[in-house]
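A.B. asks: coords please:
(chains A and B)
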Amino acid sequence: MNQTKSALAPQKPLSTERRDIWWLEPALVAIGFGLFIIYATWRAFENNFYEIGPYLSPFYSPKIVLDWWKFSPALLILWVPAGFRATCYYYRKAYYRAYFLSPPACGVGGINALGLSQGKKYCGESTFPLVIQNIHRYMLYLAIAVLGFLWYDAILACIWQNQLRIGVGSIIFIANCLFLSAYTFGCHVFRHLVGGKLDCFSCSQTAKTQFSLWEAVTKFNEHHMFWAWVSLFSVAITDFYVRLIASHSISDLTLIGPPL
Amino acid sequence: MREATLKVFRGTDYETGEFKTYKVPVEDGMVVLDAIHYIQKEIDPDVAVRWNCKAAKCGSCSAEVNGKPALMCKTRMDHFASDTEIQVQPLKTFPLVKDLVTNVAWNYEVNKKITPFTPAKDADWTFFQEDIERVQEFRKCIECFLCQDVCHVLRDHNRKDAFIGPRFLVRTAGLEMHPLDKANRIESLKDHGGIGFCNITKCCTEVCPEDIHITDNAIIPLKERVVDEFYDPVMMLLKKIFGKKQK
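C.D. replies: Predicted coordinates for the structure are as follows:
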């Protein structure tokens, strides 16, 4: 029994003995991301219908107007949430599977895609370019700042002509911020920074406070994938709603306060 | 009585070995390991299979059932439709010995290279549940090596020369996060453990029979500790100014 008769059986690209529909999940992820990327790119370059009344599209917030910048102001800000999501641990899993096919699913042979070379050349995230994923914490800091602006916009979305006004748009804006907060503050890096890096949670009063924070973040982190998708859709829906109103395709229903 | 069709890998070499088909009567509560035992007892006594507890606690009967790494003793026969074949084969990532038995000795060699638990000489052995809860999750590991088998860094790329695999990242996490441990394994984890090779596709978590959240609770926190020490310029500067925090 201690004789080794054979080495590793070769796993050919996309070969597998799995009999379930293993390709469904990466296919849905690829389609979902693809649709969002196409929509967000179109809206970022459209440079129109992003602001009306108290509503400012999250794709264009915070609105940065510079004389010398001749392109869409969305391009000045979208790289922050895009970078945060691109380096997010959940999204990495999702797009490594769906787009890099490295691997496409568990127990399915991967292919030589983009920087993830096959065989002995494979270095994963240990060398350039994928070692850059380690900037995720800096993208988190920037994403928290952008989220602050989005909350400010959500509050402004409830005020019109110096009066409280709640419209359908106000509710969409607040819901979007709640979903984005659940995603952002459930981030693996945030979990590490608030307390995960400690080895002892009971060794000081500060450590005990950090433990409470870590526990709270863990609750959101356990559903990070869910919040990642919900917040992705909610941003797109919020922007689309602003576009519909700004282009006068529909009017915003006022629930409380003066009409728009 | 319902009969199941099993295709079991037979041979001592992947190239010359082949799948042999067996018909096995299915009883209530039967698992794949029971079916293999039936084949051993009634049809082919020389089918090689490693097993011990038959209770999903020893981690011996790891195999691939219909292409998915799984414990044979935890894979119920009624999970499969009666008209489908059940394909059982050895772990692909490790060298084949015979039939369903592979040589997993590489794992034990890797284990020896990890700095063991290192408490201070004057350690106060009192600690609280909240300090040890994370480590307890990692201690559930039964060393079935299904996570090592499914990890594409080891399985597809065969980078056993540079990557220790999820099982030993879990072990390292259990030691690093222990409130009484004083050793620092972070540099070794980056340079010799190859934690950067992991691209967190979570297959290890998906196959773990003990439901250990390998990626979220062990690998990612370790990756962030590596970032603290080697990739975050602000943290590195703070450590230079204030000195390294003692564990």
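
A.B. asks: in chain B, which residue sits nearest chain A?
C.D. replies: Using C-beta to the nearest C-beta, B:Gly196 is the residue of chain B that sits closest to chain A, at 2.8 Å. No exception for glycine: its C-beta is placed from N, CA and C like everyone else's.

A.B. asks: can you pull the contacts of that residue?
C.D. replies: Residues in contact with B:Gly196, defined by C-beta atoms under 8 Å, 6 or more residues apart in numbering or on different chains, are A:Cys123, A:Gly124, A:Glu125, A:Ser126, A:Thr127, A:Val131, B:Lys190, B:Lys223, B:Val226.

A.B. asks: repeat that for 10 Å
C.D. replies: Taking C-beta atoms under 10 Å, 6 or more residues apart in numbering or on different chains as the definition of contact, the neighbours of B:Gly196 are A:123-127, A:130-131, A:133-134, B:162-163, B:189-190, B:223, B:226, B:230-231.

A.B. asks: can you pull out the strands in the stretch 151-260 of chain A?
C.D. replies: Listed in chain order, the strands of the stretch 151-260 of chain A (DSSP state E, counting those that start in this stretch) span residues A:159-160, A:163-164, A:166-167, A:254-256.

A.B. asks: which secondary structure elements does the first one contact?
C.D. replies: In this structure, strand A:159-160 makes packing contacts with strand A:166-167, judged by 3 or more C-beta pairs under 10 Å, 6 or more residues apart in numbering or on different chains; DSSP states H and E.

A.B. asks: what strands line up against the strand it packs on, and which way round?
C.D. replies: Within its sheet, and counting by DSSP bridges, strand A:166-167 is paired with strand A:254-256 (antiparallel).

A.B. asks: give me the average confidence score over the partner strand.
C.D. replies: Per-region confidence: strand A:254-256 scores 95 on mean pLDDT.

A.B. asks: so residue 20, which state does it fall into?
C.D. replies: Reading this off chain A. Classification of A:Asp20 by DSSP: H, G, I helix; E, B strand; the rest coil places it in coil.

A.B. asks: ah, I was thinking of chain B
C.D. replies: The local conformation at B:Lys20, judged by three-state DSSP, is strand.

A.B. asks: beta partners of it?
C.D. replies: The residues listed as beta-bridge partners of B:Lys20 by DSSP bridges are B:Val8.

A.B. asks: now the strands for chain B?
C.D. replies: Counting by DSSP state E, chain B forms strands over residues B:3-10, B:18-25, B:62-65, B:68-71, B:85-89, B:96-98, B:101-102, given from the N-terminal end onward.

A.B. asks: redo the ones you listed as JSON lines? Include mean neighbour count and mean pLDDT.
C.D. replies: Rendered in JSON lines, the data for the strands of chain B read as follows (neighbours: other C-beta atoms under 10 Å in any protein chain shown; pLDDT from 0 to 100):
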{"stretch": "strand B:3-10", "mean neighbour count": "19", "mean pLDDT": "96"}
{"stretch": "strand B:18-25", "mean neighbour count": "14", "mean pLDDT": "96"}
{"stretch": "strand B:62-65", "mean neighbour count": "26", "mean pLDDT": "98"}
{"stretch": "strand B:68-71", "mean neighbour count": "24", "mean pLDDT": "98"}
{"stretch": "strand B:85-89", "mean neighbour count": "21", "mean pLDDT": "97"}
{"stretch": "strand B:96-98", "mean neighbour count": "22", "mean pLDDT": "97"}
{"stretch": "strand B:101-102", "mean neighbour count": "21", "mean pLDDT": "98"}
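
A.B. asks: surely A:Asp199 meets B:Pro179?
C.D. replies: Yes - contact status for A:Asp199 versus B:Pro179: in contact at 5.3 Å, counting by C-beta atoms under 10 Å.

A.B. asks: low pLDDT regions in chain B?
C.D. replies: Low-confidence regions of chain B, defined here as pLDDT under 70, cover residues B:244-247.

A.B. asks: let's see it at 90
C.D. replies: Low-confidence regions of chain B, defined here as pLDDT under 90, cover residues B:1-2, B:14-15, B:82-84, B:127, B:236, B:238-247.

A.B. asks: next: the stretch 101-250 of chain A.
C.D. replies: A:110-122.

A.B. asks: now do the helices in it.
C.D. replies: Secondary structure of the stretch 101-250 of chain A (DSSP state H, counting those that start in this stretch): helices at A:136-156, A:168-184, A:188-191, A:205-221, A:224-246.

A.B. asks: buried among the contacts of B:Gly196? Need that as a selection in ChimeraX.
C.D. replies: Buried members of those, identified by 16 or more other C-beta atoms under 10 Å in any protein chain shown, are gathered into one ChimeraX selection as follows:
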select /A:123,124,125,126,130,133,134 /B:162,163,189,190,223,226,231
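
A.B. asks: list the contacts for the residue nearest to B:Met1 when sequence neighbours are not counted?
C.D. replies: Spatial nearest neighbour of B:Met1, chain neighbours left out: B:Pro25 (4.8 Å); criterion: C-beta to C-beta, 6 or more residues apart in numbering or on different chains. Neighbouring residues of B:Pro25 by C-beta under 10 Å, 6+ apart: B:Met1, B:Arg2, B:Glu3, B:Ala4, B:Ala35, B:Tyr38, B:Glu42.

A.B. asks: are any of these buried, and if so which?
C.D. replies: When those are checked for burial by 16+ other C-beta under 10 Å, the buried set is B:Ala4, B:Ala35, B:Tyr38.

A.B. asks: kindly reformat those residues as TSV containing distance to chain A.
C.D. replies: Listed next are the buried ones among the contacts of B:Pro25 as TSV, based on distance: C-beta to the nearest C-beta, whole Å:
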residue	distance to chain A
B:Ala4	14
B:Ala35	17
B:Tyr38	22
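
A.B. asks: what's the burial count for residue 145?
C.D. replies: Since no chain was named, I'll use chain A. Applying other C-beta atoms under 10 Å in any protein chain shown, we find 11 other residues in the vicinity of A:Ala145.

A.B. asks: chain B, not that one
C.D. replies: Other residues near B:Phe145 come to 24 when the count uses other C-beta under 10 Å.

A.B. asks: for A:Ile166, see how far away it is.
C.D. replies: Between B:Phe145 and A:Ile166 the distance is 57 Å, computed by C-beta to C-beta, to the nearest Å.

A.B. asks: could you dump the strands of chain B to CSV with distance to B:Thr115?
C.D. replies: As requested, those are exported to CSV (distance: least, C-beta to C-beta, whole Å):
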stretch, distance to B:Thr115
strand B:3-10, 38
strand B:18-25, 43
strand B:62-65, 27
strand B:68-71, 29
strand B:85-89, 36
strand B:96-98, 31
strand B:101-102, 28
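
A.B. asks: and stretch A:212-231, how far from the chain's centre?
C.D. replies: Remark: stretch A:212-231 is offset 13 Å from the chain centroid, using C-alpha atoms, centre = their mean, to the nearest Å.

A.B. asks: and the end-to-end length of it?
C.D. replies: 25 Å (C-alpha to C-alpha, to the nearest Å).

A.B. asks: list the buried ones in that stretch?
C.D. replies: A:213-214, A:217-218, A:220-221, A:224-225, A:227-231.

A.B. asks: identify, from those residues, the entry nearest to chain B.
C.D. replies: The closest of the buried residues of stretch A:212-231 to chain B turns out to be A:Asn221 (C-beta to the nearest C-beta; 6.9 Å).

A.B. asks: in the stretch 1-150 of chain A, what residue is nearest chain B?
C.D. replies: For the stretch 1-150 of chain A, the nearest residue to chain B under the criterion C-beta to the nearest C-beta is A:Ser126, separated by 2.8 Å.

A.B. asks: contacting residues for that residue?
C.D. replies: With contacts taken as C-beta under 10 Å, 6+ apart, A:Ser126 has the following neighbours: B:Ala162, B:Phe163, B:Lys190, B:Asp191, B:Gly194, B:Ile195, B:Gly196, B:Phe197, B:Cys198, B:Asn199, B:Val226.
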